[in-house]
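I would like to see how this sequence folds:
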Amino acid sequence: MGGGAAGVFAAIAAAEASPDTTVHVFEKSATLLGKVLISGGGRCNVTHGCFDPHELVAYYPRGHRELLGPFTKFACGDTMEWFTDRGVDLKIEDDGRVFPVSNQSSSIADCLLEFAERAGVTFHLRHGVKRIEALEPGFVVHMESGDSQTFDRVLVATGGSKKMWDNLQSMGHSIVPPVASLFTFNIRDPRLKDLAGVSVPKVRITLPVGGFETEGPLLITHWGLSGPAVLKLSSFGARWMAQQDYRFNIFVNWIPDEDPEDLFEELNGYRKDFDFQRKRVVSNALFGLPLRLWKSLCSHSRIPETANWSDLPKPVVRRLAETLSESSFQVVDKSTFKEEFVTAGGVALDEVNFQSFESRLVPGLFFAGEALDIDALTGGFNFQAAWTGAWLAGHAMVDSSFQGD
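Below is the predicted model of the structure:
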């Protein structure tokens, strides 16, 4: 059920592992692999160049414990090998993300569809599933068209489909309520006015009330703050932030590699430093910060535009140091990337056997992709969870003794 990355990959795995098995994929829309085609800005960030399962699971706020075993069976290196063996050249970029050399997501989609066709997978487009009914054994799949078909085993790879989650709940499964993950922060603050597009290579963002902290690049936008540091914080704090109705305070340390007290001593020393004391504070950015941001932070510290370092009294220097190391911002809402939208929530993980991705409650029912309460940071990790689950489930569906070895 579902013609996205997980559904198509599982179908190929099952059909290639058991050529005599009939494998059907039902997709409610008119297009297969829709998310694959638009992901990564149309380039498809297919996986990540992280080859140690213990390091890899750290990128999954939900599912890290459960995925460790599966990642020892099929992980990033296996995904890369799978595609390269089938004629898709891949590259690892400086930040670890893996893309097709062609920079075209169609390279990934076309490969999947070609090998699905070679394996004999049958696709049914515009075939929405109304509900799944468990038999003993097997399943009846009722279509929205009114038709129904019987199958020995069923894989649910329908992403965040409320209708399917309701169906699974009626079959005895628990559904963790979905909330947004990977979102940016809406902040209305004069310090950020006219700074849209300014980026900082490394900041530390702390959310002390929720107990979350991240480091990484930051991007100032028209609506607030974005970039990897914000997205990571939103992912790990997704459920807590939803409970707060996306209203909370964060603290940004613009100079995270400097101890706050050492930072003050360094700034204070500039007042008497021959090379600095006659320089205008506001006009000469320090620590690699963009000049526009530096000017805004100086203004917030109430430093006159004409002031030189030698003009600053010690309390003003202290205020600037505090601004640089602990700027407080009030988040008032969130904004999500429509094409990169990720949901935290889905089938409860303790109800799934992660050797096979089979339901512990309904034999013959399998899961892969975002139907499960698994999500990850940006960088190809969500796709990797889909490939891994689909590969293990696809094999297990046609071989009850399969353990992923």
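
Where does pLDDT dip in the stretch 251-400 of the chain?
Across the stretch 251-400 of the chain, the stretches falling below the confidence threshold (pLDDT under 70) are 337-341, 400.

rerun at 90
Per-residue confidence of the stretch 251-400 of the chain (counting by pLDDT under 90) places the weak regions at 335-343, 378, 399-400.

Quick one: the strands in it, in order.
Along the stretch 251-400 of the chain, the segments classed as strands by DSSP state E, counting those that start in this stretch run 327-331, 333-336, 342-347, 352-353, 358-359, 365-367.

Pull the distance from the third one to the chain's centre.
With Cα atoms, centre = their mean, to the nearest Å as the basis, the distance from the averaged C-alpha position of strand 342-347 to the chain average is 11 Å.

please begin residue numbering at 629 from this point
Noted, 629 is the first residue going forward, which turns the last one into strand 970-975.

Next up, the contacts around W922.
With contact taken as Cβ atoms under 8 Å, 6 or more residues apart in numbering, W922 is in contact with 910, 913-914. C-beta: built from backbone N, CA, C; applies to glycine.

Buried only: go through these for me.
Among the contacts of W922, those classed as buried by neighbour count (16 or more other Cβ atoms under 10 Å) are 910, 913.

okay, the strands of the stretch 879-1028 of the chain in CSV with distance to Q732 next?
Shown next, in CSV, are these (distance: least, Cβ to Cβ, whole Å):
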stretch, distance to Q732
strand 955-959, 36
strand 961-964, 25
strand 970-975, 23
strand 980-981, 34
strand 986-987, 35
strand 993-995, 30
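
K719 is nearest to which of those?
strand 970-975 (23.8 Å; Cβ to Cβ).

hmm, who's touching the closest one?
Identification of contacts with strand 970-975 by Cβ under 8 Å, 6+ apart yields 689-690, 784, 787-788, 793, 796, 801-810, 863, 866-867, 995, 998-1004, 1010.

thinking again about what came up before, most tightly surrounded among the strands of the stretch 879-1028 of the chain?
Neighbour counts (mean count of other Cβ atoms under 10 Å) averaged over each of the strands of the stretch 879-1028 of the chain peak at strand 993-995, with a mean of 26.

Output the contacting helices and strands for that one.
In this structure, strand 993-995 makes packing contacts with strand 782-784, strand 986-987, helix 1009-1026, judged by 3 or more Cβ pairs under 8 Å, 6 or more residues apart in numbering; DSSP states H and E.

So for F892, which of these sits nearest?
helix 1009-1026 (38.6 Å).

mind saving the C-alpha coords of the closest one as PDB?
Taking C-alpha atoms only, helix 1009-1026 is exported to PDB below (Å, rounded to 0.1, in the frame of the first residue of the first chain):
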ATOM      1  CA  PHE A1009      18.300  10.000   6.700                       C
ATOM      2  CA  ASN A1010      14.500   9.800   6.300                       C
ATOM      3  CA  PHE A1011      15.000   8.100   2.900                       C
ATOM      4  CA  GLN A1012      17.600   5.700   4.400                       C
ATOM      5  CA  ALA A1013      15.100   4.600   7.000                       C
ATOM      6  CA  ALA A1014      12.600   4.000   4.200                       C
ATOM      7  CA  TRP A1015      15.100   2.000   2.100                       C
ATOM      8  CA  THR A1016      16.200  -0.100   5.200                       C
ATOM      9  CA  GLY A1017      12.700  -0.900   6.400                       C
ATOM     10  CA  ALA A1018      11.500  -1.600   2.800                       C
ATOM     11  CA  TRP A1019      14.400  -3.900   2.000                       C
ATOM     12  CA  LEU A1020      14.000  -6.000   5.200                       C
ATOM     13  CA  ALA A1021      10.200  -6.100   5.000                       C
ATOM     14  CA  GLY A1022      10.200  -6.900   1.300                       C
ATOM     15  CA  HIS A1023      12.500  -9.900   1.900                       C
ATOM     16  CA  ALA A1024      10.600 -11.100   5.000                       C
ATOM     17  CA  MET A1025       7.300 -11.000   3.200                       C
ATOM     18  CA  VAL A1026       8.400 -13.700   0.800                       C
END
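
Now find how far off-centre that helix is within its chain.
On the basis of Cα atoms, centre = their mean, helix 1009-1026 is displaced by 17 Å from the centre of the chain it belongs to.

I'm done for today, thanks for sticking with me.
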